[in-house]
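What follows is a protein structure lacking sequence information:
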């Protein structure tokens, strides 16, 4: 599949996008890309957010490809079972967040992934079942929000191919991934695997 043959749905994390984030750059650069707005609620209302994703997939004129980052992945997972069969051609997932991780609750100075706030964990409970569309998960070995070991568990449960990105933090503008040309190349390679 080529970029021009798909509608790219950018699903940013709850914090949204700053101009330097790679998703914002892709949104500006890829002609068929559009943003699916995040939940404004704290903790996020994943049911409403999932509803926005489902609506965006239904509205897509071409096969939809999701490009989700951080908590945007969680929202996409909540939407997965509600999507019309075959409308979402694939998902490019970057930097999943583990609700068990202390960094998930804003304690980034404590990256050990073993004690998040109970309300945040309940709100973001990640479905651990195979996704009904092809997916690829890019994971960092030193993310403050998800250990590489847990990312491997997620990828296996979702049926996603895992790409280890080395010491890349949260794979965002704060970790030096503003333009992220390697990600765009990886995304292009992922698209070629889709029919």
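All right, it came through fine. Just so we're clear, the structure is a prediction, and the values are computed from it rather than from any experiment. Numbering: from 1, shown residues only.

Correct me if wrong, but residue 85 is in a strand.
No: under DSSP: H, G, I helix; E, B strand; the rest coil, residue 85 falls outside any strand and is assigned coil.

burial count for it?
Burial of residue 85 is recorded as 7 neighbouring residues (other C-beta atoms under 10 Å). C-beta coordinates here come from the backbone N, C-alpha and C atoms, glycine included.

which residues does it contact?
Taking C-beta atoms under 8 Å, 6 or more residues apart in numbering, we find residue 85 in contact with residue 132.

Next: residue 63.
Listed by C-beta under 8 Å, 6+ apart, the contact partners of residue 63 are 1, 5-7, 87-89, 194.

Residues in a beta bridge with the most centrally placed residue in the chain, which ones?
With the centre of the chain defined as its mean C-alpha position, the nearest residue by C-alpha atoms, centre = their mean is residue 68, 2.6 Å away. Residues in a beta bridge with residue 68, per DSSP bridges, are residue 11, residue 93.

Can you give me every residue that contacts it?
Counting by C-beta under 8 Å, 6+ apart, residue 68 has contacts 11, 75-76, 91-94.

Strands of this protein, residue ranges please.
7-11, 33-35, 64-69, 88-94, 135-139, 161-164 (DSSP state E).

just checking, what packs against the longest one?
Right, the one you point to is strand 88-94. Counting contacts by 3 or more C-beta pairs under 8 Å, 6 or more residues apart in numbering; DSSP states H and E, strand 88-94 is packed against strand 64-69, helix 71-80, strand 135-139, helix 181-192.

how far off helix 71-80 does it point, in degrees?
150 degrees (axes from the mean of the first three to the mean of the last three C-alpha atoms, to 10 degrees).

cool, and the first one?
In terms of direction (the same axes, to 10 degrees), strand 7-11 departs from helix 71-80 by 120 degrees.

Need the contact partners of strand 7-11.
The contact list for strand 7-11, computed with C-beta under 8 Å, 6+ apart, reads 17, 23, 26-27, 30, 32-36, 38, 53, 56-57, 60-69, 72-73, 75-76.

so which of the helices and strands packed on strand 88-94 comes closest to residue 43?
helix 71-80 (9.2 Å; C-beta to C-beta).

shaky segments in the protein?
Applying pLDDT under 70 to the chain picks out residues 102-124.

thinking again about what came up before, quick one: the strands of the chain as JSON lines, columns for distance to residue 152 too.
Listed next are the strands of the chain as JSON lines, based on distance: least, C-beta to C-beta, whole Å:
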{"stretch": "strand 7-11", "distance to residue 152": "22"}
{"stretch": "strand 33-35", "distance to residue 152": "29"}
{"stretch": "strand 64-69", "distance to residue 152": "18"}
{"stretch": "strand 88-94", "distance to residue 152": "13"}
{"stretch": "strand 135-139", "distance to residue 152": "8"}
{"stretch": "strand 161-164", "distance to residue 152": "6"}
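
between these, which gets nearest to residue 47?
Per C-beta to C-beta, nearest to residue 47 of those: strand 7-11, 15.1 Å.
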